[in-house]
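In: After the sequence you'll find the predicted model.
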Amino acid sequence: MKSNAYMSKFTKAFVMMAVIAGSSTAVAQSTDEQDDDQPVAEAYSDIGLATGLKLYDRDKADTCVEGALQIRASIHNVSAEGILKLELFGEQDFLKRKGKLRRIRVPADESPQRICINLPMPGDYAVVGYHDKDGDRRLKKAWNFKPKEPYGLSNNPEIKSLRLPKFSEAGFFVPMEGADIDIHLVDLS
């Protein structure tokens, strides 16, 4: 009789721990998913409202000015659907989740699409981008983590294996007068 009571208490305690652990995990996941994608109270930008896409003012591109300290990127192989996303990186935290210096999200337009990113100072930078065709703000990946949506990097390095590119393959120097680059998106799906 005592062993049944003991098992009953043990089972209830185990279930309670699982419920508590599950709820804390759910909170952590929702926080990670929101992360820097969208504060709860932030409103969509005017372009976001006009297009019905999840776009915010903090993600908009800068005005292109020849001779300004900025990267002027021409993105090729884009169609007029969904969102075009670019991320700016320095060498130190290249391709790390929290390593991006700047993120740009704009409505995708016909190719080539020109997007400009102002810079704080001359230096070595890399740009990574992808065409989020369905506008869900997530890069679709296959089981082997290969992108299922068109993507590309500055310098257009050839991706030869299932490894992340190195900064030395995508990085380039931006002088005081800025730099013009071309990024050719590749669709591996």
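Out: The structure has been received and is ready for your questions. Numbering: from 1, shown residues only.

In: for Leu101, what are its contacts?
Out: Listed by C-beta atoms under 8 Å, 6 or more residues apart in numbering, the contact partners of Leu101 are Leu88, Phe89, Gly90, Tyr125. C-beta coordinates here come from the backbone N, C-alpha and C atoms, glycine included.

In: any idea how far Tyr130 is from the first one?
Out: Separation of Leu88 from Tyr130 (C-beta to C-beta, to the nearest Å) stands at 14 Å.

In: More neighbours: which of these two?
Out: Applying other C-beta atoms under 10 Å to Leu88 and Tyr130 shows that Tyr130 carries more neighbours, namely 23 against 20.

In: So that one belongs to a helix, correct?
Out: No - under DSSP: H, G, I helix; E, B strand; the rest coil, Tyr130 falls outside any helix and is assigned strand.

In: And the closest residue to it other than its chain neighbours, how far from Met176?
Out: Among residues not flanking Tyr130 along the chain, Tyr151 sits closest, at 3.9 Å (C-beta to C-beta, 6 or more residues apart in numbering). For Tyr151, the distance to Met176 equals 30 Å [C-beta to C-beta].

In: picking that back up, the residue nearest to Tyr130 pairs with what?
Out: On the basis of DSSP bridges, Tyr151 is bridged to Tyr130, Val186.

In: Report the contact partners of it.
Out: With C-beta under 8 Å, 6+ apart, Tyr151 has these contacts: Val128, Gly129, Tyr130, His131, Leu139, Leu185, Val186.

In: I'd like to know which of those residues are buried.
Out: Val128, Gly129, Tyr130, His131, Leu185 (16 or more other C-beta atoms under 10 Å).

In: So, low pLDDT: which residues of the protein?
Out: 1-42, 48, 50, 160-161 (pLDDT under 70).

In: which residues in it form strands?
Out: Counting by DSSP state E, the chain has strands at residues 70-76, 83-89, 100-107, 113-118, 123-132, 151-153, 172-174, 179-184.

In: now these as CSV including distance to Asp57?
Out: Below are the strands of the chain laid out as CSV (distance: least, C-beta to C-beta, whole Å):
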stretch, distance to Asp57
strand 70-76, 18
strand 83-89, 15
strand 100-107, 11
strand 113-118, 15
strand 123-132, 18
strand 151-153, 25
strand 172-174, 24
strand 179-184, 24
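
In: wait, which of those strands is closest to Lys60?
Out: strand 100-107 (6.9 Å; C-beta to C-beta).

In: Show me which residues of the closest one are buried.
Out: Per 16+ other C-beta under 10 Å, strand 100-107 contains these buried residues: Lys100, Arg102, Ile104, Arg105, Val106, Pro107.

In: From those residues, pick the one nearest Leu119.
Out: Arg102 (8.6 Å).

In: List the contacts of the closest one.
Out: Glu87, Leu88, Ile117.

In: again, 6 Å this time
Out: Leu88, Ile117 (C-beta atoms under 6 Å, 6 or more residues apart in numbering).

In: Right, I'll leave it there.
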